[in-house]
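Student: Structure here, sequence nowhere to be found:
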């Protein structure tokens, strides 16, 4: 074991960690605003993956431009999912929203498998690698991480600088009070679900630029998102980014010291531990 | 004609009826107090007025328009604003942001800066704490912020539920003074629910006394204050 | 002495909800606990029956220090309570609700014995015709009676009643007051939080007044009613109101 | 007698399903019923936690997997017989549930649900690293093992009857729990845990025991299932999807009732089979199932039995 | 897009995307008004169902080669005689072949191709007038199949149904070793002959089954040829890193290959598995780099294998030889572009492989069926894509069965088992021969893997056969230059 491997692994882990973070932000934003754990998160990520793939492959558009289209579509998809599956169960016990979002999961996977099969697809696109002595950073990964940072910055600018963003935070914080102030809560909830979906699909699109994809691949990221969200504190988007980085680091560094197959054991072990000893996550969460 | 008129209103939760035919009128520019024992239905009435609860029967008329079936956010847009019991602030947001959220109705949004200056003038302490997270402030400051947030909406009528609840007397004084100023200087109509009966009757122009979901009696505040029946009903002595 | 509360203080973050409260209670008494909204009455109840652990101080119940014990342990020692906001077990029937109280109460009855006790108690509170109904479908007055029945079914030594009269209409209040008296006559000690003054003044043997978490009065109903501090807490400071008007004039 | 009608209906349903293969005499019927009875037993077990105590375990299949692994290990590696191995499977699952009960049952609502998912995934990953359990390859059983039970054909019938017995037992236990003081305590916890504690219900231990109870049977069944399959792999043993399907079954039939999971499991499995083999839907069966699930959640959230009970209060006596 | 057949589905579905009117409905939802909530819900629910039904219809008309359920695809020209017992001897008889495919779930791709290959064989044999036995009985075939959803829950139920209700005469395995293991229990129990394809793991054939026969080269010999190839190319390359998928199949392959490599004097510098759904290999790649191997062997399935290859390329790992399981033989591996160049992999079969009747004669083996070129052409015509080895395996499974029936001159299971035991056959797929020892009965011992490698040709990429030397179509690209 030498230092180069350690550094290289840490860098790789962190880069992918940013992308994990974006995916998890989508999940945590939705939970934070409406206390719904979106079990359709994985398939929505997968839609994002295939969005970029299809646009890149059949329109020939640059995948990073395609990402913008995917994000916009994501917003619409999210709003649709909200009204179809979530709105009616928003105040029901958690089991209802868990199952209703899971039903969306089944629909997407069912239709997706029929159309796309479960084959793997690749976005055949690459950027020059960055070679700095011991560490080689692949271009697409670096770009994905940078975009992830950009997305996070945009999300924060949106949530903290725009009126709609503040409405989302207000509704998350106290829905009834928000209504009393004239904030149309239904529309804001739909918007929040839309943005959560947008983040999930954007993350999916980013993943498509670096890794092969298939319709079931979103499931992996959904589970990772759960871990991250718990690490960062349910309902805390910035915590999700940091949680993503931590998960990325674990995935990067643990294999240096032991067999890679121990990574999920550690991840989920940590997940349970955090839930037990500090359910508010490492960085706090919204007040309940 | 009264700015807000509640007519034969009945409502409740689920199968449970709380309001049994409420009648109430709030005159333009007046400070009207609503007093009554715990469980008399005051908060339920306010919730029905702002639309958090649908009326079963009867009507709520505001500014000459039947608003009985509108959602709270639509009513807020019309200028019907409530400062709810227990403050209900956006505790994770800063004081400034809470105030900005108050300026949601379109007519108030364009005057946001002016109104900000106004509420900071009214509650100088909020100016000092503008960047502080609302949840970290003391109860009194939070109540100030709740009222200030309501004012930011440029309400035609400001409904306040339990203004002094759990507050130290000094702060209560500040808040009542602010309300009086608002009423006198801006001509804002105010409907106030207050457990501090004596105080409420002192500062208000007109008062309604409710019990068991109905209005027991009403009249100019001074009359109500001097009515021995009120003392009887409220202290049992 | 059935209950002794000694220097109990409960803080939430910076807020002191109950501030150094001390009192004792003899068996068979009805103790009224009054004070303005937010004065800390329910918090005090929660400290007594173990929902909260007091920040400092101790609670002695029947010569045993129960400070820090879990609510179910305290319940099984013979302390039952009702909630200010009713908490019926909605999807269970009235009978089942009461059986839970009897099964897990002081005597820990078997299901069979509990069923018999439940029938009695339900009749006592006057819910016999609702016995098969789901608790969630009762109206508020019935739910309050149900809460009472559940607590009674436990056959407690001490019963904590949190605003059982609130939300009831005049006739319901009257019948509830009768019920409470009958409970006392059964030898059960009661502490009750109440806002309806004439009711509590009539019913209580003794009254404690809380304001901002502090105990400001402890005595017979008549004494307490004359106490200027109490009047001020309830009606507000007359001087204060005058001050506002004065300042406006100036 | 009247108080047993609720039980009778459920027991009868299980018995009728169980003897159908005897009447038809066909192994294929037996296999079809095996699928249904297994679902019934698993769903009813889950219902004792989900329906009675109100805790949503999303990773309940972990007990099926752990029981399967423990039993398979004693059977194939240590050479114990099927019955002993089944008991080992059940006991291991119960032990795990007990330990988990002491820890994660502190969490409520969505947090508990998330934690159970974590437990399942952690366990799968752990087994993957356990060389003595065959790691990712899992373990296989020689075909000749069936000879000890009268050859493969007999063994499969035997397994079937044992499973039917377990299914029946689960339903009876489920009824007895519901009708017991213990069960009443659980339902009090479901309705309002804090209020239940105030009434004297020892929630922490009651919850733990209901968790253990709901884990024992999946442990037994896990062993039985993998014995029948002849091999076990981590991916098959800890399949999260199956876990969620179980919740759907319980919800479909009506959670918190004895009959609900029986009905839900039966209907769900038949429906899936219908969709799987339907020329119109088979390519899209998952999506169709999703739509149906959504409609149920949105319009009859209490499930079929729950809906009947609400709609016709008189049926409350019959539909337990 | 590796799968042209499905593309049409996608296109079919496009018109079903929400039309403007439907969208209006949703926009209306957005400005939801109180009181209309319930109605709008019923509306959306209906819409959803409608959309799905349409999608379903699109799906079936687009993708399915196999149709109605139970999937009885009657042979062209044959009236699907129900049941086999009714047919008097000397007459025509339709044999049922039962199996499950993974229409849904993770094995969907491979399984569908396997199914395609089998169907193609059935069409061919039926079109040729079936098999005529010496007593004059004409045998034709029909398929009965179900979706096993890529998981074990129902495999036994479905195979029991196939063996009893549907009274299938012969069984073909599902795809994957795990599902095959579960189905073998049933096949054996009912004394049905089951030809396995797409189930390479050795363990299935050590359970003591007597009627289960493997078409694929078992996993223990998957990568050994790659080791041989490396040895022939560069005797100085001595360090191998094994990085393999942690699944039943790949772990079996890696274990056997590691033992083989070590016995041939190689140093195994890294031996580690990764989880089946791994997509990011950077951790491994850093480890590989640190261990400094000459060659990397391993992989698992298509998805992870292609990801691994791509990331190896992007990270510019200085390694001389890479051979991965499953992924490189897939035509769509070329989507990786430059990252695919030089990557080798073992394949059960390749279109370029030429087994001929002459070769069979020379080897003293029987020959049956069509040539490789004919198979490729037929498959292309039927499914619009180049056949993968899964497809060829499906066809070969059918051929094997056909051969055994002819050889046994009977449909009796025992006679067929005897014929299979004695098989010494060559087909377009290669040699087929079975271990008949009780401990490994049914294990494939005749068939050999070839090693393919992607090479640059005419500005594009081409898959070449580089091993065995006798069948090579190009010289191996070695060492991989960066």
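Tutor: Ah, there it is. Since the structure is predicted, the reported quantities are computational estimates derived from the model, not experimental observations. Numbering: from 1, shown residues only, chains lettered A, B, ... in the order given.
Student: Quick check: phi and psi on residue B:62?
Tutor: phi -130, psi 120 (degrees, to the nearest 10).
Student: Show me what it is bridged to.
Tutor: Beta-bridge partners for residue B:62, by DSSP bridges, are residue B:4, residue B:65.
Student: What helix or strand is residue 23 located in?
Tutor: No chain in the question, so chain A it is. Taking DSSP states H and E as the definition, residue A:23 sits inside helix A:3-34.
Student: not what I meant, chain C
Tutor: Short version: residue C:23 belongs to strand C:15-25, going by DSSP H and E.
Student: Just checking that strand against chain A, any contact.
Tutor: No - contact of strand C:15-25 with chain A (CB under 8 Å from any CB of the partner chain) is absent, the minimum separation being 14.9 Å. The C-beta positions use only the backbone N, C-alpha and C, and glycine is treated the same way.
Student: one step back: average pLDDT for the helix or strand that comes right after the helix holding residue A:23, rounded please.
Tutor: Using DSSP H and E, the helix or strand that follows helix A:3-34 towards the C-terminus is helix A:41-54. Taken as a whole, helix A:41-54 carries a mean pLDDT of 96.
Student: Who are the packing partners of helix A:41-54?
Tutor: helix A:3-34, helix A:63-81, helix A:94-116, helix A:185-210, helix A:218-232 (3 or more CB pairs under 8 Å, 6 or more residues apart in numbering or on different chains; DSSP states H and E).
Student: secondary structure class for the closest residue to chain C within the stretch 201-350 of chain E?
Tutor: Distances between the stretch 201-350 of chain E and chain C by CB to the nearest CB are smallest at residue E:277, namely 40.3 Å. Under DSSP: H, G, I helix; E, B strand; the rest coil, the three-state class of residue E:277 is coil.
Student: so what's it closest to, chain neighbours aside?
Tutor: residue A:220 (4.7 Å; CB to CB, 6 or more residues apart in numbering or on different chains).
Student: what residues does the stretch 251-400 of chain E put near chain A?
Tutor: E:272-275, E:277-280, E:282-284, E:286-287, E:289-290, E:302-303, E:306-307, E:310-311, E:314-316, E:332, E:335-337.
Student: any bit of stretch E:189-196 sitting next to chain D?
Tutor: Yes - using CB under 8 Å from any CB, we find that stretch E:189-196 touches chain D at E:189-190.
Student: for residue 195, what are its contacts?
Tutor: Just so you know, I chose chain A. Contact analysis of residue A:195 by CB atoms under 8 Å, 6 or more residues apart in numbering or on different chains lists A:26, A:29, A:75, A:78, A:155, A:158, A:168.
Student: wrong one, chain D
Tutor: Here residue D:195 is in contact with C:83, C:87, C:89, D:188 (CB under 8 Å, 6+ apart).
Student: can you tell me how far it sits from residue C:140?
Tutor: Distance, residue D:195 to residue C:140, using CB to CB, to the nearest Å: 16 Å.
Student: what stretches of the chain score poorly on pLDDT?
Tutor: Picked chain A for this. Within chain A, the stretches with pLDDT under 70 are A:1, A:284-288.
Student: should've been chain E
Tutor: Residues of chain E that meet the cut-off, pLDDT under 70, sit at E:1-90, E:481-482.
Student: domains of it?
Tutor: E:3-67, E:92-217+E:353-432, E:221-347+E:449-471 (automatic domain parsing).
Student: Redo the ones you listed as TSV? Include mean neighbour count and distance to residue B:149.
Tutor: Shown next, in TSV, are those (neighbours: other CB atoms under 10 Å in any protein chain shown; distance: least, CB to CB, whole Å):
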stretch	mean neighbour count	distance to residue B:149
domain E:3-67	15	25
domain E:92-217+E:353-432	22	53
domain E:221-347+E:449-471	22	47
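Student: Select, out of these, the one closest to residue A:237.
Tutor: domain E:221-347+E:449-471 (22.8 Å; CB to CB).
Student: For the closest residue to residue E:171 other than its chain neighbours, I want the exact helix or strand it lies within.
Tutor: Computed as CB to CB, 6+ apart, the closest residue to residue E:171 that is not its neighbour in sequence is residue E:194, at 4.1 Å. Residue E:194 belongs to strand E:193-196 when assigned by DSSP H and E.
Student: From the rest of the structure, what touches that strand?
Tutor: E:170-173, E:180, E:183-184, E:187-188, E:204, E:211-216, E:397, E:400-401, E:404, E:413, E:416-417, E:420, E:442.
Student: go again using 6 Å as the cut-off
Tutor: Residues outside strand E:193-196 that contact it (CB atoms under 6 Å, 6 or more residues apart in numbering or on different chains): E:170-173, E:180, E:187, E:211-214, E:397, E:400-401, E:413, E:416.
Student: Out of those residues, flag the one nearest to residue E:323.
Tutor: residue E:214 (22.3 Å).
Student: Let me see the contact set for the closest one.
Tutor: Residue E:214 is in contact with E:196, E:442-444, counting by CB under 6 Å, 6+ apart.
Student: Who are the contact partners of whichever residue of chain A sits closest to chain B?
Tutor: Closest approach between chain A and chain B, counting by CB to the nearest CB: residue A:182, at 3.2 Å. Going by CB under 6 Å, 6+ apart, residue A:182 touches B:73, B:76-77, B:104-105.
Student: Could you list everything the residue positioned nearest the centre of chain B pairs with in the sheet?
Tutor: The centroid of chain B falls nearest to residue B:160 when counting by CA atoms, centre = their mean (1.7 Å). Residues in a beta bridge with residue B:160, per DSSP bridges, are residue B:83, residue B:192.
Student: I'd guessed it sits against residue B:83; true?
Tutor: Yes - with contact defined as CB atoms under 6 Å, residue B:160 counts as touching residue B:83 (4.5 Å).
Student: Can you get me a residue count around residue D:125?
Tutor: Around residue D:125 there are 22 other residues, counting by other CB atoms under 10 Å in any protein chain shown.
Student: Helices of the stretch 301-450 of chain E, start to end?
Tutor: Secondary structure of the stretch 301-450 of chain E by DSSP state H, counting those that start in this stretch: the helices cover E:302-314, E:357-363, E:372-383, E:389-408, E:413-421.
Student: Ignore what I typed, I meant chain C.
Tutor: C:41-48, C:71-76, C:94-103, C:111-125, C:140-153, C:170-185, C:197-203, C:221-226, C:228-235, C:238-249 (DSSP state H).
Student: Next: the stretch 101-250 of chain D.
Tutor: Here the stretch 101-250 of chain D has its helices, by DSSP H, counting those that start in this stretch, at D:109-128, D:151-179, D:181-191, D:193-198, D:203-229, D:234-237, D:240-253.
Student: Would you mind listing what in chain B touches chain E?
Tutor: Applying CB under 6 Å from any CB of the partner chain, one finds that chain B approaches chain E through residue B:71.
Student: so which strand or helix has the closest residue to chain A within chain B?
Tutor: Nearest to chain A, among the residues of chain B, is residue B:76, at 3.2 Å (CB to the nearest CB). Taking DSSP H and E as the definition, residue B:76 sits inside helix B:72-78.
Student: on contacts alone, who are the packing partners of that helix?
Tutor: Applying 3 or more CB pairs under 6 Å, 6 or more residues apart in numbering or on different chains; DSSP states H and E, one finds that helix B:72-78 contacts helix A:175-180.
Student: Which residues belonging to the helix it packs on are considered buried?
Tutor: A:175, A:177-180 (16 or more other CB atoms under 10 Å in any protein chain shown).
Student: Need the nearest residue in space to residue A:182, chain neighbours excluded.
Tutor: residue B:76 (3.2 Å).
Student: What of residue C:95?
Tutor: Closest to residue C:95 by CB to CB, 6+ apart is residue C:131, at 4.8 Å.
Student: same check, this time on residue C:172
Tutor: Leaving aside its chain neighbours, residue C:172 sits nearest to residue C:141 (4.7 Å; criterion: CB to CB, 6+ apart).
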